[in-house]
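Engineer: the following comprises the amino acid sequence and a computationally predicted model.
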Amino acid sequence: MVNAATMQQRFAALDALYEKSYSTSGERAKAVDSAFLARFSDLLNPSKVSALSNDDLRYAFSAANIAASATSDASITRAMWQVLDALSKRKLATRSDRANYWGQLVMERRMDEANAYSRAIPGNALPLQPVIKRAASAGSPAFLEATDASKRVFISVPVDVTEGARVIVVGHPYCHFTRNAVAAIDQEPELSAAIGKVAMFIMPPRRTLDSTEAEDWNKAHPREAMHLVERKTDWPMVDSWDTPTFYFLRNGRVVTKVTGWPREGHMSELMAGLARIGVNVSGEP
């Protein structure tokens, strides 16, 4: 049932929910997704959207924007489009509005739609994004790799996480907690070698597809090479994309995870996680 409060009040309630403190980004995503679909389902109805006032359209778009960014829920992105289309018809859509919708399509790796939308904008104000050629089956974990130096075409490379010991590390080159974690691990040669044999470092999808950050990082940290992922939904074992988060898997099942990197580090927790998936720091997995 749609909340009877004003659009401004509904937006304020959703924004407050988004800004709350959560244990993980996954918990925030679930809370925001549920709240948006319960309170803003009318935004999926074009006739109801077109009946909104200008101010209500603005609050509606802001609500859809923050919800889509948190969840990558395609139905919320569809609502985002309905409101943006109404704003555009009234000549109220801003470049920021268009960029946010386009960026959400990119985050969801809907590149054909993102590029079609970019071409439809006068003056091509939004840059065309690379094409993704999918070699992996839908729903399977995959990395995105540029096919050549132009970075105009990426291919999805399937990744098997179902066999033996694996450590999936969600990180980002610009995250200082990730950098601190890797620096601490590198100071322990045996631990670094053990993690290096079983770990894969992955970067959360963002509202752009650019491998430059990963490439620069990988030159300095070949053992902890970062990989772009295609879609969050292809990694169901990752329930939080906070950086850094270490997921310890045995035969595809998450045995334990370690989240964050405080000042004192999490070295003992990493050692314990490796032991639980059968990896001896001084030996083979």
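Structural biologist: Noted; the coordinates are in hand.

Engineer: now do the strands in the chain.
Structural biologist: Applying DSSP state E to the chain gives strands spanning 131-134, 142-146, 153-158, 165-170, 199-203, 226-229, 245-250, 253-259.

Engineer: what is the burial count for Val83?
Structural biologist: 27 (other C-beta atoms under 10 Å). Any C-beta I mention is one placed from the backbone N, CA and C, and that applies to glycine too.

Engineer: likewise Thr77?
Structural biologist: Residues lying near Thr77 (other C-beta under 10 Å) number 22.

Engineer: quick one on the thing from earlier: need the strands of the chain in CSV with mean pLDDT, mean neighbour count and distance to Ser41, can you?
Structural biologist: As requested, the strands of the chain are exported to CSV (pLDDT from 0 to 100; neighbours: other C-beta atoms under 10 Å; distance: least, C-beta to C-beta, whole Å):
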stretch, mean pLDDT, mean neighbour count, distance to Ser41
strand 131-134, 86, 14, 31
strand 142-146, 90, 21, 32
strand 153-158, 90, 17, 33
strand 165-170, 96, 23, 31
strand 199-203, 95, 22, 33
strand 226-229, 93, 21, 30
strand 245-250, 97, 23, 32
strand 253-259, 96, 16, 33
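
Engineer: next, format those as TSV and append distance to Arg119.
Structural biologist: Below are the strands of the chain laid out as TSV (distance: least, C-beta to C-beta, whole Å):
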stretch	distance to Arg119
strand 131-134	14
strand 142-146	22
strand 153-158	18
strand 165-170	33
strand 199-203	27
strand 226-229	24
strand 245-250	37
strand 253-259	41
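
Engineer: domain map for this structure?
Structural biologist: 7-124, 161-276 (automatic domain parsing).

Engineer: which positions within stretch 271-285 qualify as buried?
Structural biologist: Within stretch 271-285, the residues scored as buried using 16 or more other C-beta atoms under 10 Å are 271, 273-274, 277, 279.

Engineer: got the CA positions of that stretch in PDB?
Structural biologist: Below are the C-alpha coordinates for stretch 271-285, written out as PDB (Å, rounded to 0.1, in the frame of the first residue of the first chain):
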ATOM      1  CA  MET A 271      44.700 -16.200   9.900                       C
ATOM      2  CA  ALA A 272      41.700 -17.800  11.600                       C
ATOM      3  CA  GLY A 273      39.600 -17.400   8.400                       C
ATOM      4  CA  LEU A 274      42.300 -19.100   6.300                       C
ATOM      5  CA  ALA A 275      42.500 -22.000   8.800                       C
ATOM      6  CA  ARG A 276      38.800 -22.500   8.600                       C
ATOM      7  CA  ILE A 277      38.900 -23.100   4.800                       C
ATOM      8  CA  GLY A 278      41.900 -25.400   5.100                       C
ATOM      9  CA  VAL A 279      44.700 -23.000   4.200                       C
ATOM     10  CA  ASN A 280      47.900 -23.300   6.200                       C
ATOM     11  CA  VAL A 281      49.800 -20.000   6.200                       C
ATOM     12  CA  SER A 282      53.000 -21.800   5.900                       C
ATOM     13  CA  GLY A 283      51.800 -24.400   3.400                       C
ATOM     14  CA  GLU A 284      49.500 -25.200   0.500                       C
ATOM     15  CA  PRO A 285      45.700 -24.900   0.600                       C
END
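
Engineer: one step back: indicate which one of the strands of the chain is closest to Ala13.
Structural biologist: The closest of the strands of the chain to Ala13 is strand 253-259. By C-beta to C-beta, the value is 27.7 Å.
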